[in-house]
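Q: show me the folded form of this:
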Amino acid sequence: MLRALVYTTLFPNSMQPLHGSFIAERMRHLLPFVDMSVVAPVPYFPRINVNQRWFSFAEAPHVERFAGFEVDHPRYLVVPRIGMTTHGFSMFAGSLPQVWRRLRAADYDLIDAHYIYPDGLAAVMLGALLKKPVVVSARGSDINLFPKFKAIRPMVRQVLKRADAVIAVSRPLKDIMIELGCSPEKITVIPNGVDPVKFSRQPWADSRRKLGLPEDRPIILSVGHLNENKGFQILIEAAALLRRVRPDVMLVIVGEGADRARLERHVRRLGLQNQVALVGARRSEELGAWYSAADLFCLASEREGCPNVLLEAIACGCPVIATRVGGTVEIVQSPSLGTLVERTPKAFESAIDQALRRPWDRAAIAAHGQSYRWDKVANSILNVYTHVVAKHEN
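A: Numbering: from 1, shown residues only. Down below sits the predicted model:
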């Protein structure tokens, strides 16, 4: 078996079990073919409970077994003001002892990093020092956003130049990386996947009863981390516009994040307490019922790589409305799956109203969604690993 050391800040941990679950899923389906351990750096923060998000980093154990994997959580220094320009270097310095120890215990064939910057920069530095090939996966903001910063752009380009192989979760990300100077031959497009056991079509009425949702109201669902990029404020404003023609429509938002209080204030300001519900985060095992209970799924992101929530909704037979960004264009390939719209409340209001008027073949939508399987993704990843290791050995 190949041995891979997975290096990423996105891996979940016991304090943040929902963080980066898509990476844990990809790894879980690779397990029959690849022996893997994880080094998942977390920012250093003193054990002072003054900020819940940062305190959860402090509480993360230095070593743990999580999701079936042995995980190290080395600390790296986050410098105020200077910010992200130092993260890749401090991540490298903070995690070198643990990576060195891992390699002494087991001779890994490669390092598999997720996120081009800062994780990817630290990974290629580790690979150069320890003479191991490095595969880096681009996931979204690391390519859509970070290269726009003058100080970070050269470091992103260095990662793309020095990595042995690059995986893009969508073709638009590949195109941007080529513009940044990455050799096209290095890049393989491998979208995210879905687990057909967790995400499959469930009876609509049963799902609503199970979740305590009304059976006499159209329900619009959105799922994600509550931040500005995901555009929940746009969906709330669309719900306000819909009230004129569809006063019974209900918007349900699943997720947690720094924007929760601001979104709740927005709901109260618009008088939408009976139309909008923020129900908090839910484990991935529970989400299938939410997708199955919804009439429509909406995603109003400003940037995306390959949004898993769209794949999950479609696999559960739920039609989707999303902004035309990143990998959404590749996922919503046909009007039979949903609609791509401009990122405005009016565009979402109009698309939702039209979508609620038309019949949808939810069985056909689910059948299409089931084609995005993690085992297919794992097979493609294994091909990249094998090629990189063979090239390194020659």
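Q: how far away is the residue nearest to residue 389 when sequence neighbours are not counted from residue 388?
A: Leaving aside its sequence neighbours, residue 389 sits nearest to residue 109 (Cβ to Cβ, 6 or more residues apart in numbering; 4.8 Å). Bear in mind the C-beta positions are built from the backbone N, C-alpha and C, glycine included. Residue 109 sits 9 Å away from residue 388 when distances are taken as Cβ to Cβ, to the nearest Å.
Q: list the residues that contact both of those two?
A: Residues touching both residue 109 and residue 388 by Cβ atoms under 8 Å, 6 or more residues apart in numbering: residue 133.
Q: quick check: next helix or strand after the lowest-mean-pLDDT helix or strand in the chain?
A: Using mean pLDDT, DSSP states H and E, the weakest-scoring helix or strand in the chain turns out to be helix 52-59, at a mean of 64. Next along the chain after helix 52-59, taking DSSP states H and E as the criterion, comes strand 63-66.
Q: mind listing the strands for the stretch 251-394 of the chain?
A: Along the stretch 251-394 of the chain, counting by DSSP state E, counting those that start in this stretch, strands occupy 276-280, 296-299, 320-323, 338-341.
Q: any idea which of the ones you listed gets closest to residue 123?
A: The closest of the strands of the stretch 251-394 of the chain to residue 123 is strand 296-299. By Cβ to Cβ, the value is 29.5 Å.
Q: neighbouring strands for the closest one, and are they parallel or not?
A: strand 219-223 (parallel), strand 320-323 (parallel) (DSSP bridges).
Q: for it, what is the distance to the chain centroid?
A: With Cα atoms, centre = their mean, to the nearest Å as the basis, strand 296-299 stands 16 Å off its chain's centre.
Q: go on, stretch 201-219?
A: 26 Å.
Q: just the buried residues of it, please?
A: For stretch 201-219, the neighbour count (16 or more other Cβ atoms under 10 Å) marks 201, 202, 204, 207, 208, 211, 213, 218, 219 as buried.
Q: ends of that stretch, how far apart?
A: Terminal residues of stretch 201-219 lie 16 Å apart, using Cα to Cα, to the nearest Å.
Q: when you give positions from now on, start the count at 584
A: Taking 584 as the first residue, the last one we looked at is stretch 784-802.
Q: what are the contacting residues of that stretch?
A: Identification of contacts with stretch 784-802 by Cβ under 8 Å, 6+ apart yields 829, 831-835, 871-873, 875-879, 898-900, 939, 945-946, 949.
Q: one more: stretch 828-835?
A: Stretch 828-835 has contacts (Cβ under 8 Å, 6+ apart) with 796-797, 799-805, 818-819, 821-822, 825-826, 855, 858-860, 862, 873, 877, 935-936, 939.
Q: mind giving me the ChimeraX select for those residues, buried ones only?
A: To isolate the buried ones among the contacts of stretch 828-835 in ChimeraX, judged by 16+ other Cβ under 10 Å, type:
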select :796,801,802,803,804,805,818,819,821,822,825,826,855,858,859,860,873,877,935,939
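Q: if you look at the contacts of stretch 828-835, which of them are in helices?
A: Of the positions in the contacts of stretch 828-835, 818, 819, 821, 822, 825, 873, 935, 936, 939 sit in helices, assigned by DSSP state H.
Q: now for the residues you listed: which two are most distant?
A: Farthest pair in these (Cβ to Cβ) is 873 and 936. Separation: 21.9 Å.
Q: now for the closest residue to residue 763 other than its chain neighbours: which residues touch it?
A: Leaving aside its sequence neighbours, residue 763 sits nearest to residue 740 (Cβ to Cβ, 6+ apart; 5.4 Å). By Cβ under 8 Å, 6+ apart, the residues touching residue 740 are 730, 763, 764.
Q: I'd like those residues as JSON lines, with pLDDT and secondary structure appended.
A: Formatted as JSON lines, the contacts of residue 740 follow (pLDDT from 0 to 100; DSSP: H, G, I helix; E, B strand; the rest coil):
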{"residue": "730", "pLDDT": "91", "secondary structure": "helix"}
{"residue": "763", "pLDDT": "96", "secondary structure": "coil"}
{"residue": "764", "pLDDT": "95", "secondary structure": "coil"}
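Q: out of the residues you listed, which is most surrounded?
A: When neighbours are taken as other Cβ atoms under 10 Å, the top entry among those is residue 730 (21 neighbours).
Q: contacting residues for that one?
A: Contacts for residue 730 were tallied using Cβ under 8 Å, 6+ apart; they are 736, 739, 740, 759, 763.
Q: of those, closest to residue 608?
A: Nearest to residue 608, judged by Cβ to Cβ, of the contacts of residue 730 is residue 759 at 24.7 Å.
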